[in-house]
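J.: okay, structure incoming, though there's no sequence with it:
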């Protein structure tokens, strides 16, 4: 029995060592570089986006949000943010690595970049809270 346990342990160690030779795969692969999405605009009376956005589950994306400072505006999307993994939020060159997000808000003009991995397929939206117009939201599909 002792001999079997040693043989099994040696086999597992050998398997782990040979798996390391293949490098990272999938989400962690060097080929899964961040894809930039169309910039979302926060400005009084202007549409947030030019149209719907389609994402692929497992891919890294960079979303830039620009506010012109014409009003204090936010984007909310709890369902979207709960179905992606947010790697970082960059504001004025400062990186924040949050556990999660529900919304973001601009009190003045500025730019924010959110890097994330799309996880769960579905239909989501980011919208200006309290708005009712279709141009004040962006539909996001994760396939």
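T.: Received it, and whenever you're ready, just let me know what you need. Source: prediction; values computed, not measured.
J.: excluding its backbone neighbours, what's nearest the most centrally placed residue in the chain?
T.: Nearest to the geometric centre of the chain sits residue 116, at 2.0 Å (C-alpha atoms, centre = their mean). Spatial nearest neighbour of residue 116, chain neighbours left out: residue 84 (4.4 Å); criterion: C-beta to C-beta, 6 or more residues apart in numbering. No exception for glycine: its C-beta is placed from N, CA and C like everyone else's.
J.: what is the one you found paired to in the beta sheet?
T.: Beta-bridge pairing of residue 84, defined through DSSP bridges, involves residue 118.
J.: how far away is it from residue 134?
T.: Shown here: residue 84 relative to residue 134, a distance of 23 Å by C-beta to C-beta, to the nearest Å.
J.: any idea which helix or strand comes after the helix or strand of the chain with the lowest mean pLDDT?
T.: The weakest-scoring helix or strand in the chain, judged by mean pLDDT, DSSP states H and E, is helix 2-20 (a mean of 51). Heading C-terminal from helix 2-20, the first helix or strand you meet, by DSSP states H and E, is strand 35-36.
J.: just name whatever secondary elements that next one is in contact with.
T.: The elements that strand 35-36 packs onto, with contact taken as 3 or more C-beta pairs under 8 Å, 6 or more residues apart in numbering; DSSP states H and E, are strand 60-67.
J.: ok, residues contacting the strand it packs on?
T.: The contact list for strand 60-67 (C-beta atoms under 8 Å, 6 or more residues apart in numbering) reads 27, 32-37, 39-43, 55, 73, 75, 87, 104, 106, 108-118.
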